[in-house]
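*Asks:* Mind folding the following:
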Amino acid sequence: MIIGAGVSGIGSAIKLREAGFNDLHIVEKSDSFGGTWHDNSYPGASCDVPAHLYSLSFAPNPNWSVHYAGQPEILAHFQKVAEDHHLPDITSFGTEIASAVWDHDNAEWTLRTTTGDTIVADVVISGLGQLNRPNIPDIEGLGSFRGTTFHSARWNHEHDLTGKHVAVIGTGASAIQFVPEVAKQVDHLDLYQRSPNWVLPRVNPPYGQARKWAFRHVPGVRWLHRAAIWAKFEWLVGPVFNSGGVSNKKATEAATKFLTESVPDEKLRARLLPDYPIGCTRILGSSSWYPALQQPNVEVITSGISRIVADGIIDSDGRHRRVDTIIFGTGFRTTEFLSPIDFRGRDGQSIHDSWGDGAEAHMGTTASGFPNLFMLYGPNTNLGHNSIIFMIEQQLRYIVGLLEKMRKLGLVALEPRPEAQASYNEWVQEQMKKRVWVADCSSWYKNDSGKVVNNWPTSTVKYWRRCRKPDFDSYIGYRPPS
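*Replies:* Purely as a prediction, here's the structure:
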């Protein structure tokens, strides 16, 4: 059973079939393939990783129109990949899993949907990811607002913003893309900023017809282009995240220069200058963000929100601003891995309870006490500098390798040894101390206690090496009862 029909779910089904695992099924809560690219359809939505790297290496697209593709093009591509591999035939849409309970005697998972249906599976692969549950802050009075509210990941396309007074709460990766587009439509936009982000310019040239022809017909050209993008991000961008390093300082200087040249107003510039090291939060790329914030119909508000009232927002200084639409650009509940599914493992314990100090897994894919549960884009596998799809492919290689070993040895279940998982995660957190993510800033990479549970702490090469051959000695294998 594969939960989720995003990139992870699509890739899982393809690679499992290649390995001869044909008795599989995908369940997806929405009505289409695409995952986060199905959910996030807000104006200006695009990927901050170049398209030729933000695609499965075994299902490439030589026809990307621009370097950084937009949401419609990305969604269409992944839907086509699913169609080309006949995945609709094994997918149930509109099916959301509420709970999953492991039966150790029978070596199987019993999954229950939100509608009460039951599904039994030997192996469960989670493709839920980290960016699927919108985070809407608990602000006093929100329920009393008489206007329209929605989160960027649940964009209300039926709501016409023309001429409206709009409040945008949050200035993260989504807001930096939709605010410039919304500002063109509305009469006035109040942008509530908790903390500013480091921003670098983004140039997005189109691919010409000759180049796309070469990608389609000249052997090796597309692969070399993809490899060059990966290497640039790995060897040039990666060192930026080393705390106190030369690259981090140079990146800070470049981002500060970009801000200074883009925003001549000193007061506004002061509001937009972060007070934390670059890279502590996600570095954003946009050449339209700073110009949008300087439009006469846009106001950047740095005072906090005291409460929401029927016709607007009252800030912490007591000022009342009237608005008729509130858009939340407040990101996702990223540290709540596998939510909202209640996974119960070998001893009946909830996986969320077992993660009392923060989510962790062996290789970011398996959890002690939860046999035959495999996670993609799990704890500490997110990246700050490269393509998550590269990481997902390494995880797929690792998981398929484990399943093939189980098949060869006649095992019915597999889980990591507690000591192996603990040792691995101690290493991860020790490596994390060298990274800028542990600095003092508010980031979706950390949980409430400040532990970085999302990011991989070192190079993707090291993760690739670890995943090439599964460390089977780190696992407990269970044979059928005699």
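
*Asks:* Can you give me the neighbour number for Gly318?
*Replies:* 8 (other Cβ atoms under 10 Å). Yep, even glycine has a C-beta here, placed from its N, CA and C like the rest.

*Asks:* residue contacts, it?
*Replies:* In this structure, Gly318 makes contact with Ser306, judged by Cβ atoms under 8 Å, 6 or more residues apart in numbering.

*Asks:* So what does it have for phi and psi?
*Replies:* phi 90, psi 0 (degrees, to the nearest 10).

*Asks:* which stretches of the stretch 351-482 of the chain have low pLDDT?
*Replies:* The model of the stretch 351-482 of the chain has pLDDT under 70 over residues 482.

*Asks:* can you give me the strands for it?
*Replies:* 373-375, 413-416, 475-478 (DSSP state E, counting those that start in this stretch).

*Asks:* Let me have the ones you listed in CSV, extended by mean neighbour count and distance to Leu224.
*Replies:* As requested, those are exported to CSV (neighbours: other Cβ atoms under 10 Å; distance: least, Cβ to Cβ, whole Å):
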stretch, mean neighbour count, distance to Leu224
strand 373-375, 26, 32
strand 413-416, 23, 37
strand 475-478, 18, 37
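
*Asks:* would JSON lines of the ones you listed with distance to Leu128 be doable?
*Replies:* Compiled in JSON lines, those are given as follows (distance: least, Cβ to Cβ, whole Å):
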{"stretch": "strand 373-375", "distance to Leu128": "8"}
{"stretch": "strand 413-416", "distance to Leu128": "19"}
{"stretch": "strand 475-478", "distance to Leu128": "23"}
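
*Asks:* How about Arg222, nearest residue that isn't a chain neighbour?
*Replies:* Among residues not flanking Arg222 along the chain, Phe215 sits closest, at 4.2 Å (Cβ to Cβ, 6 or more residues apart in numbering).

*Asks:* Can you pull the domain assignment for the chain?
*Replies:* Residue ranges for each domain of the chain read 2-133+333-478, 142-203+229-328, as given by automatic domain parsing.

*Asks:* quick one: the helices in the protein?
*Replies:* Along the chain, counting by DSSP state H, helices occupy 7-18, 36-39, 71-84, 175-183, 209-217, 221-232, 246-262, 266-272, 289-293, 351-354, 388-409, 418-432, 460-468.

*Asks:* The fourth one vs helix 71-84, what angle?
*Replies:* Our comparison of helix 175-183 with helix 71-84, counting by axes from the mean of the first three to the mean of the last three Cα atoms, to 10 degrees, yields an angle of 120 degrees.

*Asks:* what pLDDT, on average, does stretch 233-244 get?
*Replies:* Averaging the model's pLDDT scores along stretch 233-244 yields 89.

*Asks:* Kindly report the same for stretch 141-151.
*Replies:* Stretch 141-151 shows a mean pLDDT of 97 in the predicted model.

*Asks:* Give me the distance between that stretch and the centre of its chain.
*Replies:* In this view, stretch 141-151 has its centroid 26 Å away from the chain centroid, taken as Cα atoms, centre = their mean, to the nearest Å.

*Asks:* Name the residues of that stretch that are buried.
*Replies:* Burial within stretch 141-151, assessed by neighbour count using 16 or more other Cβ atoms under 10 Å, is assigned to 142, 145, 147-151.

*Asks:* end-to-end on that stretch?
*Replies:* Using Cα to Cα, to the nearest Å, one end of stretch 141-151 lies 17 Å from the other.

*Asks:* ok, back up a step: out of the buried residues of stretch 141-151, flag the one nearest to Ile136.
*Replies:* When the buried residues of stretch 141-151 are compared for distance to Ile136 (Cβ to Cβ), His151 comes out closest, at 5.9 Å.

*Asks:* Can you name the residues that contact the closest one?
*Replies:* Taking Cβ under 8 Å, 6+ apart as the contact definition, His151 lies against 134, 136, 327-328, 330.

*Asks:* Give the bridge partners for it, please.
*Replies:* For His151, the beta-bridge partners under DSSP bridges are Phe328.

*Asks:* how close does it get to Ser174?
*Replies:* Look at His151 and Ser174: by Cβ to Cβ, to the nearest Å, they are 9 Å apart.

*Asks:* Check Val300 too.
*Replies:* Using Cβ to Cβ, one gets 17 Å for the distance from Val300 to Ser174.

*Asks:* likewise Ile119?
*Replies:* Between Ile119 and Ser174 the distance is 33 Å, computed by Cβ to Cβ.

*Asks:* And these two? Which one has more around it.
*Replies:* Of the pair Ile119 and Ser174, Ser174 is the one with more neighbours under other Cβ under 10 Å, namely 26 against 17.

*Asks:* okay, that one: pLDDT?
*Replies:* Looking at Ser174, its pLDDT stands at 95.

*Asks:* Now do stretch 107-124: distance to the chain's middle.
*Replies:* Centroid displacement of stretch 107-124 relative to its chain, using Cα atoms, centre = their mean, is 25 Å.

*Asks:* per-residue pLDDT, Thr334?
*Replies:* pLDDT, Thr334: 79.

*Asks:* brain fart, Glu28
*Replies:* 97.

*Asks:* How many neighbouring residues does it have?
*Replies:* By the other Cβ under 10 Å criterion, the neighbourhood of Glu28 contains 24 residues.

*Asks:* can you pull the contacts of the residue nearest to Arg222?
*Replies:* Residues 62-63, 207, 221-222, 225 are the ones in contact with Phe215 under the rule Cβ under 8 Å, 6+ apart.

*Asks:* Buried members of those residues into PyMOL, please.
*Replies:* Here is the PyMOL command that selects the buried residues among the contacts of Phe215 (16+ other Cβ under 10 Å):
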select buried, resi 62+207+222+225
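
*Asks:* In CSV: the contacts of Phe215, plus pLDDT and distance to Leu376.
*Replies:* Below are the contacts of Phe215 laid out as CSV (pLDDT from 0 to 100; distance: Cβ to Cβ, whole Å):
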residue, pLDDT, distance to Leu376
Pro62, 97, 25
Asn63, 97, 26
Tyr207, 98, 29
Val221, 97, 30
Arg222, 97, 25
His225, 98, 26
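
*Asks:* So which of the contacts of Phe215 is the closest to Lys29?
*Replies:* Of all these, Asn63 has the smallest distance to Lys29: 29.8 Å, by Cβ to Cβ.

*Asks:* tell me the contacts of that closest one?
*Replies:* Shown here is Asn63, whose contacts under the criterion Cβ under 8 Å, 6+ apart are 212, 215-216.

*Asks:* what do you get if the cut-off is 7 Å, keeping everything else the same?
*Replies:* Lys212 (Cβ atoms under 7 Å, 6 or more residues apart in numbering).

*Asks:* Please look at Trp198 and Arg282 and confirm they touch.
*Replies:* No - between Trp198 and Arg282 there is no contact, the gap being 8.8 Å when judged by Cβ atoms under 7 Å.

*Asks:* picking up where we left off before, can you read off the pLDDT for the residue nearest to Arg222?
*Replies:* The per-residue pLDDT of Phe215 was computed as 98.
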